[in-house]
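[1] Predicted model and sequence follow; I will ask about them next.
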Amino acid sequence: MLPTEDRRARRVLAVLLAVSFALITLEARSPNSPPVAAMRDVAASMFGPLQQGATALVSPVDEVRDRIGNSQPLSAEIERLRAENSALRQQLSATAVNQAEVSGLSRLLQAAGTGRYRVVPARVIGIGPAQGLVRTITVDAGRGDGLRPDLTVINGDGLVGRVLAAGSSSSTVLLTVDPSLAVGIRMERSREIGIATGTGGAVLSLQLLNPQARLYQGDRLVTFGSTAGRPYVPGVPVGEVVSVTRAADGTSRTVEVLPYVRFTSLDVVGIVVEQPRRDPRDAVLPGRDGTLR
Amino acid sequence: MSRGATPGTPAFRAERQDRMSVAAIIAAIGMIVAAAVIQVSILTRLPVPGGTADLVLLVLIGIALARGPQTGALAGFGAGLVVDLMPPADHGVGHYAFVLCLAGYLLGMLGRRVVVDTTVGIMAVTAITAAGVFLGFAAIGALTGDPRVTWAGVVRLLPSVVLYTTALAPLVARPVLAFFRAQSHNEFGAVITARRAHRLKPLARRQEWWQ
């Protein structure tokens, strides 16, 4: 019925599908090859500022800071007072958000201090949609702040993930709950070592090297630490065991670990740019009553 | 295309419909990028269970339904690349580009044949497209051997993704559709309003039956 038009549309479709297919194949054969890495880097520097802007839009804290910083004291007294007035109003409404942020930052610094990690603080400016089936976030720190791939990311509660790609001013972080991520861990008291793997859901699954080792609900685990502290520095709290299920034949068991970090409400995180000289062991784990030891 | 269809025929009208002015192209790019940024920086922060509404898809539905298969395929490919490259994406580049390109083409064909302009109609199209795009994306991930694509994960996320996306359709896809339809030209080159475009299109469809 519409020959010219339809044929042209079909040709366009064929070309575009072929290009996408070529990209998919290229990525499947060698993930993050140089051309794709370059494309991602350009995208990070293009979209990073936009994400920062969007985050600032929804967070009144930044707005208050900018307004106070930008107000011209001599232009007009009324203008200044108006700006101050609205800034104060916003400050008032922002107090809750502000306080949450301050407490997040102070708990991060406390944890970093206890473990003697050197951290670069950063804010979360983007969260990957879950339908990507990949659990990642963007943070507003990049190579300029000393970030490199494979650095540990923590917050006041514990292990958040590791840096996947560092852009010029923003970076992508892979969260602990991502199914492609496995963390070497050590149990708090028994000293048994094992591997915690993401499931994509809220919990991690735990596999101990010694399958006979005793495990109880509430057992806590910290990172074991990798060579030279990359991707994981030692001693970061990971989570605690919530359920141990034995298979019917009694030979294997499924262990679920609930992470300390609440991945749905991440705000301030810290990227460990320097590992501690000595393994902090269990020092960073919170006391049983919830306070730091 | 000057040597294309004869003026006055549905073919000619379809051709005009599928061509975009520079302003419309810029508007489309702006909407797609804005949707992608809002999705990762604002929507994913909302404390709702399950997945996230696919805002980029909603914009694509509006563009493709209003502008036909060629523009739909091009817009889908571009939008898919933006989603593939927008940090913190970590799936392979090209996955969304492939799926959204195909979706844009099919939506464009649908828009050529049927006038979708009721809220219920847009929501129905959105629900089917959202489910198809999500499953298509998961299928490509599975085919390329991504360990993160599991049946359990797909089943867990599919209902919420379709539900949220469909719920936002009247707020996003509908205005985008109206915007791009209002910008399309009739065979005399004059800008026609969305309402008149509706009246024109069933006529064109009826002509096709015996042509």
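    Arrived safely, thanks for sending.

[2] list the contacts for the closest residue to A:Arg246 other than its chain neighbours?
    Distances taken as C-beta to C-beta, 6 or more residues apart in numbering or on different chains place A:Arg253 nearest to A:Arg246, at 4.9 Å, with adjacent residues excluded. In this view, the C-beta of every residue, glycine as well, is placed from N, C-alpha and C. If a contact means C-beta atoms under 8 Å, 6 or more residues apart in numbering or on different chains, then A:Arg253 has A:211, A:215, A:244-247 as its contacts.

[3] mind checking how far A:Arg253 is from chain B?
    Going from A:Arg253 to chain B by C-beta to the nearest C-beta, to the nearest Å gives 19 Å.

[4] helix/strand/coil for the closest residue in space to A:Pro149 that isn't next to it in sequence?
    In space, A:Pro149 comes closest to A:Val163 once its chain neighbours are excluded; the distance is 5.5 Å by C-beta to C-beta, 6+ apart. Here A:Val163 is recorded as strand under DSSP: H, G, I helix; E, B strand; the rest coil.

[5] thinking again about what came up before, can you read off the backbone torsions of the residue nearest to A:Arg246?
    Main-chain torsions, A:Arg253, degrees, to the nearest 10: phi -140, psi 150.

[6] how close does it sit to A:Ala166?
    38 Å (C-beta to C-beta, to the nearest Å).

[7] Over to B:Val37?
    20 Å.

[8] same deal with B:Ala182?
    Relative to A:Ala166, and taking C-beta to C-beta, B:Ala182 is found at 44 Å.

[9] okay, these two: which has more neighbours?
    Neighbour totals were compared for B:Ala182 and A:Ala166, and A:Ala166 leads with 25 against 15 (other C-beta atoms under 10 Å in any protein chain shown).

[10] For that one, list the residues it contacts.
    Applying C-beta under 8 Å, 6+ apart, one finds that A:Ala166 lies in contact with A:142-143, A:147-149.

[11] Compare those residues and tell me which has the most neighbours.
    That'd be A:Leu147 among the contacts of A:Ala166, by other C-beta under 10 Å, with 23 neighbours.

[12] and the gap between the residue nearest to that residue when sequence neighbours are not counted and A:Pro231?
    Distances taken as C-beta to C-beta, 6+ apart place A:Ala166 nearest to A:Leu147, at 4.3 Å, with adjacent residues excluded. Counting by C-beta to C-beta, the separation of A:Ala166 from A:Pro231 is 13 Å.

[13] what residues are up against B:Ser160?
    B:48-51 are the contacts of B:Ser160 under C-beta under 8 Å, 6+ apart.

[14] Keep only those that also lie close to chain A.
    For chain A, the contacts drawn from these by C-beta under 8 Å from any C-beta of the partner chain are B:50-51.

[15] For B:Ala53, give me its contacts.
    Here B:Ala53 is in contact with B:39, B:43, B:161, B:164-165, B:167-168 (C-beta under 8 Å, 6+ apart).

[16] change it to 6 Å
    B:164-165, B:168 (C-beta atoms under 6 Å, 6 or more residues apart in numbering or on different chains).

[17] Just give the nearest non-adjacent residue to the closest residue to chain A within chain B, would you?
    At 2.9 Å from chain A, B:Gly94 is the closest residue in chain B, using C-beta to the nearest C-beta. Distances taken as C-beta to C-beta, 6+ apart put A:Leu23 closest to B:Gly94, at 2.9 Å, once the chain neighbours are dropped.

[18] Quickly note the distance from that neighbour to B:Phe77.
    10 Å.

[19] more crowded one of those two?
    Between A:Leu23 and B:Phe77, counted using other C-beta under 10 Å, B:Phe77 has the larger neighbour count: 26 against 22.

[20] which ones are touching that one?
    Contacts of B:Phe77 by C-beta under 6 Å, 6+ apart are A:16, B:97, B:101.
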